[in-house]
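# Need coordinates for the following:
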Amino acid sequence: MFTLDRDTHRPVHEQLAAQLRYHIASGRLRPGETLPSTRQLAQQLGVSFHTVRRAYQLLEQQGLLRGHAGRHYTVETYTPLTREARLEQGAALLQDTLRRLISLGLSAEEMDYLFQEQLALLEEEKASPTPKVLCLAPTQELAQQLAARLETHFPDLIEPVTPAELSHHPDADIVLARHAELHRHRHQLPQAEWIGLTAYLEPQALERIASMLPRETLGLVTRQSDTLPHLITELRVTTGFGGQLLAVALETDNRHLKPLLEQADVLAATPQGRRRFSPPPNRSLVLLDYQISPETLEALRERLFVS
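All right, here's what the predicted structure looks like:
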């Protein structure tokens, strides 16, 4: 949904605010919809949560968002500016854009061609609104991990959510969930289309853990503590590993990381956990990332792009 230009002189929070403003005005973000938390969106975009908060606060000052207790924001009903204000602000934006285009050497005919082309694309986008697709998982870390995998095939389309966040998305068109979660939470958004998500941990990682001896110790590193029980259960069931397992979540308490690194024969980490520590050079490390089945990708592709 968001594309940030790291090479421009325009501050990132202004870029983000401008894109949020467009999505609200175009109806892609609807009144009452809850936006991702500042930390969640910052992590998705690779920016500071302070940057996201500045963008949210800017739009709150303009009456487009409302902040609530708990530091979450919802979309307010969009009220267009008066005609005079629209023309005044539009003229300023157009003048700046024209100057930039002229500096590139574009002729009047070329600028008119680009204007008509982009206008046609916007009209096409309005005629075929992008469906709202959620990716559900038990924890935020796992939801973001699955959504990141799906985003490689469907850019700017998948929004990660946890079961507690489903009530904030009554306008969702599609919910993707692994089959156990699908069965457990379908009733929360009965109006949405639910598609079973077949996802499995990387086979190479599972094979390495399955080959461990019973006397060996597995060290598990995640970002969030609530991810640990889900991954521990999945690893035990899928690999049959019955040896000692040490685990640490770096976001809540990393005091036990050093002992874990010293004692573990094999280290396993989620992508978000792996980015937060450096493994010892003499320790084997496997990345607990997911693969999405071709059947799931094909089902979603047909649902989104085939009439």
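# Now the helix or strand encompassing residue 91: buried residues?
Residue 91 belongs to helix 83-103 when elements are defined using DSSP states H and E. Within helix 83-103, the residues scored as buried using 16 or more other CB atoms under 10 Å are residue 101. The C-beta positions use only the backbone N, C-alpha and C, and glycine is treated the same way.
# What is the three-state secondary structure of residue 43?
Reducing the assignment to helix, strand or coil with DSSP: H, G, I helix; E, B strand; the rest coil, the entry for residue 43 is helix.
# Give me the neighbour count for it.
Applying other CB atoms under 10 Å, we find 18 residues neighbouring residue 43.
# for the one 4 residues further on, same thing?
Number of residues near residue 47 (other CB under 10 Å) recorded here: 19.
# for the stretch 201-307 of the chain, what are the low-confidence residue spans?
Residues of the stretch 201-307 of the chain meeting the criterion pLDDT under 70: 305-307.
# counting contacts, what elements does the next helix or strand after the helix holding residue 91 pack onto?
As assigned by DSSP H and E, the chain's next helix or strand after helix 83-103 is helix 108-127. Using 3 or more CB pairs under 8 Å, 6 or more residues apart in numbering; DSSP states H and E as the contact definition, the elements that helix 108-127 packs against are helix 83-103.
# The helix it packs on vs helix 108-127, what angle?
130 degrees (axes from the mean of the first three to the mean of the last three CA atoms, to 10 degrees).
# Extract the CA atoms of helix 83-103 and return them as PDB.
Extracted C-alpha coordinates of helix 83-103, given in PDB (Å, rounded to 0.1, in the frame of the first residue of the first chain):
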ATOM      1  CA  ARG A  83     -13.900  24.400  -3.900                       C
ATOM      2  CA  GLU A  84     -11.700  27.500  -3.300                       C
ATOM      3  CA  ALA A  85      -9.400  25.600  -1.000                       C
ATOM      4  CA  ARG A  86      -9.100  22.700  -3.400                       C
ATOM      5  CA  LEU A  87      -8.200  24.900  -6.300                       C
ATOM      6  CA  GLU A  88      -5.700  26.900  -4.300                       C
ATOM      7  CA  GLN A  89      -3.900  23.900  -3.000                       C
ATOM      8  CA  GLY A  90      -4.200  22.000  -6.300                       C
ATOM      9  CA  ALA A  91      -2.600  24.900  -8.100                       C
ATOM     10  CA  ALA A  92       0.400  25.000  -5.800                       C
ATOM     11  CA  LEU A  93       0.900  21.300  -6.200                       C
ATOM     12  CA  LEU A  94       0.500  21.500 -10.000                       C
ATOM     13  CA  GLN A  95       2.900  24.400 -10.300                       C
ATOM     14  CA  ASP A  96       5.600  22.500  -8.400                       C
ATOM     15  CA  THR A  97       5.000  19.400 -10.500                       C
ATOM     16  CA  LEU A  98       5.100  21.300 -13.800                       C
ATOM     17  CA  ARG A  99       8.400  22.900 -12.800                       C
ATOM     18  CA  ARG A 100       9.900  19.500 -12.100                       C
ATOM     19  CA  LEU A 101       8.700  18.100 -15.400                       C
ATOM     20  CA  ILE A 102      10.000  21.100 -17.400                       C
ATOM     21  CA  SER A 103      13.400  20.600 -15.600                       C
END
